[in-house]
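Q: Dropping a prediction and its sequence here:
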Amino acid sequence: MYKAQPGRQEWVTVIECISADGNKIPPYVIFKGKHLISSWLPKELPFGWTFTTNTSGWTNNFHGVHWIKHFNTLTASKLDSPEEYRLLLCDGHASHVSAELVGYCIKHRIILILLPPHSSHLLQPLDVAVFSSLKKALSSRQSRLFRSGLRRINKIEWLEHFISAREEAIIPNNIFAGWRGAGLFPENMHRILHQLPDTLSRPLSTPAPTSSNTTMTPFFLSSSPPEPSTLHSTNKVFLTNLSSSTVQPDYKNHIRGLSGISERLQAEVTILQKELKEIKEIHNKGKERASEKQVVLKGKAVLTTEEDVKKLQDVETVTKAKKRMEKKTRKRKQMSSESELEELQSEENDETDSGDVEILECIEVGL
């Protein structure tokens, strides 16, 4: 589970599942709220993701059952025959052990194994090697918003960051590392046993000191303005040569001061330029979203199939049509003929009626 910070916090639950063959299934995302709102979701959604809501933003027995059906649908095609079994490892959350969920697993030949309490950091592959990479990738994307002075992340901004961070972090290499690190596949119990506390005290090995090779940089700048790192390395070489010169000490001290001032100013300029660019991007996205229509997606869950995406696209088409109608309304004021005005009014009423029908069809999106 992940939550937005700093400022006002709101829970978002994401149920992830990975396989020992290096694959992952689309996640099950639970937002806090009564209904899904179209403005929470980006225009382009990954195929197969499931979005739903509840009043707390946490998973529960209802969502647990829906997720196991989600899992069964996405993994049944991997079986060579209907008689084969699937092994599903879960932590001990209450939503994983409801009677309805266990009964569904038995009926569909899913062997459900719960990990021992307080052992997920050792035995759950996602915790061992995947979630740390995901957290790092997500934090790097959100930090640009925090640097811009924002104290609250919208759901759509969080989701956009999560989608890209997930593609970067939940990859086969990390998935294999998780299973291997947990000693589950390939099976290696000693990998876990040696991490458990014992009575033997093991001496800590002192890491060997790292040697740093300093490369000499000629003290001249080839770019204007220079990068902060380039300016720093250039000044360093320049001051080193200055120390061995015959210049008077007062001049040397003054030059050293100017060198430090130039580095600080250049670093501040670079940071301000980056923050200004990010603020402009956030402002432009906010203006674009404010002009879009918000649609309530009724129902407990929405599976992002091609059909659902098509319905959302239809809503955008209606929104564009209404903007064209507004332009026609402004143009109508310039017309002098009353007959032309009546004809245009009739056309607009027809377009409005058809647009309302399309919007209502889209509101009924659901499983």
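A: All right, it came through fine.

Q: Quick one: residues contacting residue 17.
A: Contacts for residue 17 (CB atoms under 8 Å, 6 or more residues apart in numbering) come out as 24, 25, 27, 71. For every residue, glycine as well, the C-beta is placed using N, CA and C.

Q: Leaving out sequence neighbours, find the closest residue to the residue positioned nearest the centre of the chain.
A: Most central in the chain under CA atoms, centre = their mean is residue 162, positioned 0.8 Å from the mean C-alpha point. Nearest-residue entry for residue 162: residue 138, 6.1 Å, with adjacent residues in sequence omitted and distances by CB to CB, 6 or more residues apart in numbering.

Q: burial count for the one you found?
A: Neighbourhood size, residue 138 [other CB atoms under 10 Å]: 20.

Q: Let me know whether it touches residue 161 as I believe.
A: Yes. Between residue 138 and residue 161 there is a contact under CB atoms under 8 Å: 5.9 Å.

Q: Tell me which stretches of the stretch 101-250 of the chain form helices.
A: Here the stretch 101-250 of the chain has its helices, by DSSP state H, counting those that start in this stretch, at 120-123, 125, 131-147, 155-169, 172-181, 189-193, 228-243, 249-290.

Q: Any figure for the gap between the closest residue to residue 164 other than its chain neighbours and residue 166?
A: For residue 164, ignoring the flanking residues on the chain, the nearest one in space by CB to CB, 6+ apart is residue 141 at 6.6 Å. Look at residue 141 and residue 166: by CB to CB, to the nearest Å, they are 11 Å apart.

Q: So which of the two has more stuff around it?
A: Between residue 141 and residue 166, counting by other CB under 10 Å, residue 166 is the more crowded of the two (21 against 16).

Q: I'd guessed the more buried one sits against residue 134; true?
A: Yes. Counting by CB under 8 Å, residue 166 does reach residue 134; the two are 6.5 Å apart.

Q: For residue 186, list the residues it contacts.
A: Applying CB under 8 Å, 6+ apart, we find residue 186 in contact with residue 180.

Q: Ramachandran angles for it?
A: Dihedral pair for residue 186: phi -70, psi 150, per degrees, to the nearest 10.

Q: separation between it and residue 130?
A: In terms of CB to CB, residue 186 sits 18 Å off from residue 130.

Q: Likewise for residue 48?
A: According to CB to CB, residue 48 stands 19 Å off from residue 130.

Q: And those two? Which one has more around it.
A: Using other CB under 10 Å as the criterion, residue 48 and residue 130 rank with residue 130 on top: 24 against 14.

Q: residue contacts, the more buried one?
A: 16, 18, 169, 170, 174, 175, 178.

Q: nearest to residue 99, of the residues you listed?
A: Looking at the contacts of residue 130 and their distance to residue 99, the nearest is residue 16, at 24.3 Å (CB to CB).

Q: Burial check on the residue nearest to that closest one when sequence neighbours are not counted, number of neighbours?
A: Excluding its sequence neighbours, the residue lying closest to residue 16 (CB to CB, 6+ apart) is residue 27, at 5.3 Å. When neighbours are counted by other CB under 10 Å, residue 27 registers 22.

Q: again with residue 9
A: Residues lying near residue 9 (other CB under 10 Å) number 10.

Q: any idea how far residue 60 is from the residue lying closest to residue 155 once chain neighbours are set aside?
A: Closest residue in space to residue 155, ignoring its immediate chain neighbours: residue 40 at 4.2 Å, by CB to CB, 6+ apart. Here residue 40 is placed at a distance of 20 Å from residue 60 (CB to CB).

Q: Over to residue 276?
A: According to CB to CB, residue 276 stands 44 Å off from residue 60.

Q: Same question for residue 319.
A: The gap separating residue 319 from residue 60 is 35 Å, by CB to CB.

Q: Show me where the stretch 151-300 of the chain dips below the pLDDT cut-off.
A: Where the stretch 151-300 of the chain drops to pLDDT under 70, the residues are 198-225, 288-300.

Q: hmm, back to that, can you tell me which of the contacts of residue 130 lies nearest to residue 124?
A: The closest of the contacts of residue 130 to residue 124 turns out to be residue 178 (CB to CB; 8.0 Å).
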